[in-house]
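K.L.:
Below are the sequence and a predicted model; questions follow.
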Amino acid sequence: MLEILIRRAFQLLLVIWSVGTLTFVITRQLSGDMAYRIAASRYGYDMADSAAAEAVRAELGLDQPWWHSYSNWLWDLVQFNLGKSLVTGETVWHEIHHQLGHTFNLALVALLLALLIGPLLGILAACKPNGVFDRLSLALSSLLRSVPAFIIAIGLITLFAVQLRWLPAGGYGRWEHFILPALTLALGLSAVSMRVTRQAMVQVMQSDYYQFARFKGLNRWQVFYRHGLRNIAVPVIAYHAVQLVYLIEGVVIVETLFSWPGSGHALVHAIIARDVPMIQGTALVMGGLFVVLNIVADLLNAWIDPRIRQGELK
């Protein structure tokens, strides 16, 4: 456990530095005048002119050399200071704290739906390998995996919001607003999850210990609960830990499409406004969150499988 935590802590620091540095470089390469974009976001495009842009440039020190800005950012990062938004003037921590809760709620609902959809369909497909349901689940998995998240989102909006009028197409505030964006993310996660679960379940069912449990007189549910569930949980959790990056990336697209007031939606607006501290801070938090969630998955796998705790599986 301690070795896992040490490795992941080092990885977390490396991710924070690399994501922040890469974001700094990319934002500096964006086309257009950064000072003018910030002035337009503050005062509106009708009120933004060269004088307003020069005032913003002088106020924020945008005319300073890149190495000076980068060293200042790096020193602030060491002090856990992400700076202030160039548009609103609020601290980046305050803005992220306000937005991250909405993103976390959406991601949590999507992950719970994905754990219900993918593993359940995978277990059902494994009951009769190469059967009709198994082949249908393979086709469904291939289709969902090949379709981008925004296409799935548009399809769900068209069907349930426009045609059937069962659910709202966007917004935030009621439980109905969770369904379409969470389902969009969950379907993308479940695309491969069902096949991973199916393969793990088939291997477990063909193992000697599983067959011996059946010979002892245990029914199918008892055998699955005592000998199958923990063994298929390890690859399923490991897969979802790797695919958490899909969840974090998908949040940016899905929140924008469904007008969800989270970190992904705010990140898009920060990029348009050239709000560099907000871009860097949001990217750092999302990258760090990915590492933290992987730490939780590693610890959970170590708790389920004693071979990991004993160092037999690396």
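P.N.:
Happy to help now that I have it. The structure displayed is predicted, hence computed values, not measured ones.
K.L.:
wouldn't Pro235 be in contact with Ser193 here?
P.N.:
No - applying CB atoms under 8 Å as the test, Pro235 and Ser193 come out as separate, 10.0 Å apart. No exception for glycine: its C-beta is placed from N, CA and C like everyone else's.
K.L.:
more crowded one of these two?
P.N.:
Neighbour count, other CB atoms under 10 Å: between Pro235 and Ser193, Ser193 has more, with 24 against 17.
K.L.:
So for that one, what's the nearest residue that isn't a sequence neighbour?
P.N.:
Nearest residue to Ser193 in three dimensions, chain neighbours excluded: Gly118, at 2.9 Å (CB to CB, 6 or more residues apart in numbering).
K.L.:
The one you found: which element?
P.N.:
When secondary structure is defined by DSSP states H and E, Gly118 falls within helix 92-127.
K.L.:
outside of whatever helix or strand comes next after that helix, which residues touch it?
P.N.:
Next helix or strand after helix 92-127 toward the C-terminus (DSSP H and E): helix 132-146. By CB atoms under 8 Å, 6 or more residues apart in numbering, the residues outside helix 132-146 that reach it are 121-122, 124-128, 152, 187-188, 190-192, 194-195, 198.
K.L.:
Name the helix or strand for the residue lying closest to Ser207 once chain neighbours are set aside, please.
P.N.:
Nearest-residue entry for Ser207: Asn231, 8.0 Å, with adjacent residues in sequence omitted and distances by CB to CB, 6+ apart. Using DSSP H and E, Asn231 sits within helix 229-242.
K.L.:
Run the angle between that helix and helix 92-127 for me.
P.N.:
Orientation check (axes from the mean of the first three to the mean of the last three CA atoms, to 10 degrees): helix 229-242 against helix 92-127 gives 140 degrees.
K.L.:
Output the contacting helices and strands for helix 229-242.
P.N.:
helix 92-127, helix 176-205, helix 276-304 (3 or more CB pairs under 8 Å, 6 or more residues apart in numbering; DSSP states H and E).
K.L.:
Would you mind listing the buried residues in the first one?
P.N.:
Of the residues in helix 92-127, those buried by neighbour count under the rule 16 or more other CB atoms under 10 Å are 92, 95-96, 99-100, 102-103, 106-107, 109-111, 113-115, 117-119, 121-126.
K.L.:
try the last one
P.N.:
Of all the residues in helix 276-304, those buried under the rule 16+ other CB under 10 Å are 276-287, 289-291, 293-295, 297-298, 301-302.
K.L.:
Who are the contact partners of the residue nearest to Ser207?
P.N.:
By CB under 8 Å, 6+ apart, the residues touching Asn231 are Ala200, Val204, Ser207.
K.L.:
just to revisit the earlier point, quick one: average pLDDT of the helix holding Gly118?
P.N.:
Averaging pLDDT along helix 92-127 gives 85.
K.L.:
for stretch 213-228, same thing?
P.N.:
74.
K.L.:
first to last residue in that stretch, what's the distance?
P.N.:
10 Å (CA to CA, to the nearest Å).
K.L.:
Could you write me a ChimeraX select line covering just the buried ones among the contacts of Asn231?
P.N.:
Applying 16+ other CB under 10 Å to the contacts of Asn231 leaves a buried subset, and the ChimeraX line that selects it is:
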select :200,204
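K.L.:
of the contacts of Asn231, closest to Tyr239?
P.N.:
Ala200 (9.2 Å; CB to CB).
K.L.:
what about that closest one, distance to Val87?
P.N.:
48 Å (CB to CB, to the nearest Å).
K.L.:
Let's have the helices and strands packed on helix 229-242 in JSON lines, adding distance to Ala241.
P.N.:
Output for these, formatted as JSON lines (distance: least, CB to CB, whole Å):
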{"stretch": "helix 92-127", "distance to Ala241": "11"}
{"stretch": "helix 176-205", "distance to Ala241": "11"}
{"stretch": "helix 276-304", "distance to Ala241": "3"}
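K.L.:
between those, which one is nearest to Arg28?
P.N.:
helix 276-304 (8.3 Å).
K.L.:
tell me the angle of the closest one relative to helix 229-242?
P.N.:
170 degrees.
K.L.:
now for helix 276-304, which elements pack on it?
P.N.:
For helix 276-304, the packing partners by 3+ CB pairs under 8 Å, 6+ apart come out as helix 2-29, helix 92-127, helix 229-242, helix 244-257, helix 263-273, helix 306-309.
K.L.:
Can you list the buried residues in the third one?
P.N.:
With burial defined by 16+ other CB under 10 Å, the residues of helix 229-242 counted as buried are Asn231, Ile232, Ala233, Val234, Pro235, Val236, Ile237, Ala238, Tyr239, His240, Ala241.
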